[in-house]
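Colleague: Got a predicted model here, sequence first, then my questions.
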Amino acid sequence: MSAAAPSPQPAPSSQREPLLRVEDLRVEFPTEDGVVHAVDGITYQVFPGRTLGIVGESGSGKTVSSLTALGLTRRQGARISGRILFEGQDLLALAEEKMRAIRGNDIAMIFQDPLSSLHPLYKVGRQLIEAVRAHRDVSRATARARAVELLGLVGIPDPARRVDQYPHEFSGGMRQRVMIAMALANEPKLLFADEPTTALDVTVQAQILALMERLQRELGMAIVIITHDLGVVAEVADDIAVMYAGRIVETASAERLFAAPEHPYTWGLLKSIPRLDSPRSEDLVPIPGTPPSLIQPPSGCHFHPRCPYAQPEHARIDPALEPVPEEAAHHVACLLDSPTRKQLWAQLREGATPEQALAALAATGGAP
Amino acid sequence: MSGPTTPPPLSPFGESAEPAPGAPRANGGGPLVRVRELVKHFPLTRGIIFQKKIGAVRAVDGLSFEIERGETLGLVGETGCGKSTTARLITRLLEPTSGGIDFEGRDISHLKRSALKAIRREVQMIFQDPYSSLNPRKTIGSIIGEPFAIHGLLTDRAERKREVQRLMETVGLNPEHYNRYPHEFSGGQRQRIGVARALALEPKLLIADEPVSALDVSIQAQVLNLLRDLQRRLGLTIVFIAHDLSVVRHMCDRVAVMYLGKIVEIGGGDELYDFPRHPYTGALLAAVPHADPTRHGEQRRILGGDVPSPANPPAACRFHTRCPKAQPLCSQQEPLLEDKGSGTLVACHFPLSREEAEGMGVRSAR
């Protein structure tokens, strides 16, 4: 285990000031059926010029947490607490008007489905011009020139002609480029990308991810990429936060998270995807059960009903997100102790099933 | 609701002996399905009352392949390559424009509706979206029992219920949930219901069109394992359609790669993934993101541009407009599917060499 595990931590991140700091964010939606605890106390930070990947399944709260950072859940009657500090300013305390000046300007977002995010009746150029003029006091002609420039920047061929076309005249990948162009209109410092490539084919996905990386290099913006696809985060993220049932259960640098994950849910995700670089005969190990209800989340550790290593007391004790011993940048919320986790992962990584891993642990005298 | 249970080791078809994997389940040798020069064009029209044909979308444009008994054949390709149209032609939900489909040696390509009913018993489908493919107003019991009702089988109610519950058990559903409605089930469980329904009539061929792409990662593996397990235990013949190349590699014995209505490469999964010969196959494999950050920054070639319109596909080799290896010949003469010495059939004048495939960043396990 230890041989491959400790990869060099990206040092500068801890010294610089974070661009975005989310502190103990909670978002609840009162509904007829009860209160939905969509985000249940999460803390993370994003540094300038770096990419944070937030990984989780549907209903894990990854989208709601980003929408909240953009002030887009306020109108939905959400109860929000905690702090979202952007350059030291608490976004949750801002008036809607001030938030609107930041959204689309300093902080921008791209969404999963590029077709439903573009207005079908307006030309692409007009929508880009609107994005520019919403925040800049410039003439139509200047904004239009900027729109053409933006389309060129995101690699749309013949931008001067394409700017006068409607969204339906663009292919899926080209539409996503338009969305990215729109998000970049005012050179944001921070970009939220919510499943930006999920609706796209694999070759187009590769194009879009390469484009995002190039733009990040050129413009120096920070990116929060939200996805369920472990392959995508591995490609683009510097740091990764894994979310489950409204909480962050593990966070580490990308190298560390894939080489030495410590949370059983992260193990479950990694072992349940087929990979091109693992033998075809290897069986997938699904995570048993289904994601929990967010109205009545499980007591204690939210993952305990699906965790093969859970102990009776895990249903009562709520784990905190704590640093892994000797790895200050790697945090995990798990009630197993770190040596046990390392032993279990060493077995799982070699292809053992959870039962075999537990048996091997018992054989060495250990117990979860 | 309990989680999915491990299916018991019983044969759902009530046979005492378990068929060996891959063993023919029906009489006769030869492939189960033979597709010959299959073509499906959808007309493009203008005008409302006096419709004028102004062109055609060439969704499927001359496919020939065989499906052997007991194998899993994967169809991969990007949006609009014709893989779902192919599936709908084989199930005869669509009638081909030309070409033939032989099912157990019998041409079914232009059968009438009444004659098709017998074929429909033999060929079943699993759909992508487990939400829209189940009638929300019917109980699980009647959804899974519907195929029996349609074909007038198991008319005795108690008998039908017993059979449905056995099917539920086979796919890892709790048989006590017979009277529940689809909304009481999660996405993964709904997909199990779809699988149970597809297995009800003991089909000879199962067509799974993107069966896991609507499911969460942790649930995908449950359904993939179920399909792989059923395939091994029952010797099912499956056509598995997916855009996710890792999933296809995991599930399939043979794989056909499609581009704009044509097969560009077909062969054993191991050969094709290990050494892709068609530049498009290579580009697809190179584009798959790897769940391994240490490989980040490794050189790989990203295919530029978009898939051209199937209404107006490029001449000769359809990939030549995006191909890094294209030569003048590629736009003049259409390449045929041929063996180029590495175990797969490739439609390419200038197939990739081993070095080129590796240079593109193809990163399969050897």
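Modeller: Arrived safely, thanks for sending. Numbering: from 1, shown residues only, chains lettered A, B, ... in the order given.

Colleague: need the longest helix for chain A.
Modeller: The helix of greatest length in chain A, counted in residues with DSSP state H as the criterion, is given as helix A:202-219.

Colleague: is B:Ala347 in a bridge, and if so with what?
Modeller: Note on B:Ala347: beta-bridge partners B:Leu337, judged by DSSP bridges.

Colleague: That one: neighbouring residues, count only.
Modeller: Applying other Cβ atoms under 10 Å in any protein chain shown, we find 24 other residues in the vicinity of B:Ala347. Quick note: C-beta positions are derived from backbone N, CA and C, even for glycine.

Colleague: Contact partners for it?
Modeller: B:Lys262, B:Ile263, B:Val264, B:Glu265, B:His278, B:Cys317, B:Glu334, B:Pro335, B:Leu336, B:Leu337, B:Glu338 (Cβ atoms under 8 Å, 6 or more residues apart in numbering or on different chains).

Colleague: do B:Ile54 as well
Modeller: Applying Cβ under 8 Å, 6+ apart, we find B:Ile54 in contact with B:Leu44, B:Thr45, B:Arg46.

Colleague: want to try a markdown table for these, with secondary structure and pLDDT as columns?
Modeller: Formatted as a markdown table, the entries for the contacts of B:Ile54 read as follows, by DSSP: H, G, I helix; E, B strand; the rest coil; pLDDT from 0 to 100:
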| residue | secondary structure | pLDDT |
| --- | --- | --- |
| B:Leu44 | strand | 87 |
| B:Thr45 | strand | 84 |
| B:Arg46 | strand | 82 |
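
Colleague: of those, closest to chain A?
Modeller: B:Leu44 (15.4 Å; Cβ to the nearest Cβ).

Colleague: need the contact list for residue 164.
Modeller: Since you didn't name a chain, this refers to chain A. A:Lys123, A:Val124, A:Gly125.

Colleague: To clarify, I was referring to chain B.
Modeller: Residues near B:Val164 by Cβ under 8 Å, 6+ apart: B:Gly141, B:Ile144, B:Gly145, B:Tyr178, B:Ala196, B:Ala200.

Colleague: Over to A:Arg140?
Modeller: Taking Cβ under 8 Å, 6+ apart as the contact definition, A:Arg140 lies against A:Ile129, A:Arg133.

Colleague: swap the cut-off to 7 Å and go again
Modeller: With contacts defined as Cβ atoms under 7 Å, 6 or more residues apart in numbering or on different chains, the neighbours of A:Arg140 are A:Ile129.

Colleague: Then A:Phe111?
Modeller: Going by Cβ under 7 Å, 6+ apart, the list of residues near A:Phe111 reads A:Ser117, A:Met179, A:Asp194.

Colleague: and the two most separated of the contacts of B:Val164?
Modeller: B:Tyr178 and B:Ala200 (13.9 Å; Cβ to Cβ).

Colleague: Counting neighbours, go ahead and name the busier of the two.
Modeller: The residue with the greater number of neighbours, taking B:Tyr178 and B:Ala200 and applying other Cβ under 10 Å, is B:Ala200; the counts read 25 against 17.

Colleague: Find the nearest non-adjacent residue to the more buried one, please.
Modeller: Excluding its sequence neighbours, the residue lying closest to B:Ala200 (Cβ to Cβ, 6 or more residues apart in numbering or on different chains) is B:Pro147, at 4.4 Å.

Colleague: and the one you found, backbone torsions?
Modeller: phi -60, psi -40 (degrees, to the nearest 10).

Colleague: Count the neighbours of it for me.
Modeller: As a burial measure, B:Pro147 scores 20 neighbours (other Cβ under 10 Å).

Colleague: mind checking how far it is from chain A?
Modeller: Using Cβ to the nearest Cβ, to the nearest Å, one gets 27 Å for the distance from B:Pro147 to chain A.

Colleague: Under a three-state scheme, what state does the residue minimising distance to the centre of chain A occupy?
Modeller: Among the residues of chain A, the smallest C-alpha distance to the mean C-alpha position (Cα atoms, centre = their mean) belongs to A:Ile54, namely 2.2 Å. In terms of secondary structure, A:Ile54 is strand; the call rests on DSSP: H, G, I helix; E, B strand; the rest coil.

Colleague: doesn't A:Thr63 make contact with it?
Modeller: No: under the contact definition of Cβ atoms under 7 Å, A:Ile54 does not touch A:Thr63, with a separation of 9.0 Å.

Colleague: Mutual contacts of those two, please.
Modeller: Taking Cβ under 7 Å, 6+ apart as the criterion, A:Ile54 and A:Thr63 both touch A:Ile226.

Colleague: Distance across stretch A:345-365, terminal residue to terminal residue?
Modeller: Using Cα to Cα, to the nearest Å, the end-to-end distance of stretch A:345-365 comes to 16 Å.

Colleague: Let's see which of the contacts of A:Phe111 end up in strands.
Modeller: Secondary structure of the contacts of A:Phe111 is defined by DSSP state E; positions in strands are A:Asp194.

Colleague: Let's see if you can find the most crowded of the contacts of A:Phe111.
Modeller: With neighbours defined as other Cβ under 10 Å, the most crowded of the contacts of A:Phe111 is A:Met179; it has 26 neighbours.

Colleague: ok, that residue - contacts?
Modeller: Neighbouring residues of A:Met179 by Cβ under 7 Å, 6+ apart: A:Ile110, A:Phe111, A:Pro114, A:Ser117.

Colleague: Closest one of the contacts of A:Phe111 to A:Arg83?
Modeller: Proximity of those to A:Arg83 was ranked by Cβ to Cβ; the top entry is A:Asp194 with 21.7 Å.

Colleague: any chance you could map the strands in the chain?
Modeller: By default, I'm working from chain A. Listed in chain order (using DSSP E), the strands of chain A are A:20-31, A:34-46, A:51-55, A:79-86, A:89-90, A:107-110, A:190-194, A:222-227, A:239-244, A:247-253, A:322-324, A:327-332.

Colleague: could you do chain B instead?
Modeller: The residue ranges that make up the strands of chain B, judged by DSSP E, are B:33-46, B:52-67, B:72-76, B:98-103, B:106-107, B:123-126, B:205-209, B:237-241, B:254-259, B:262-268, B:337-339, B:345-347.
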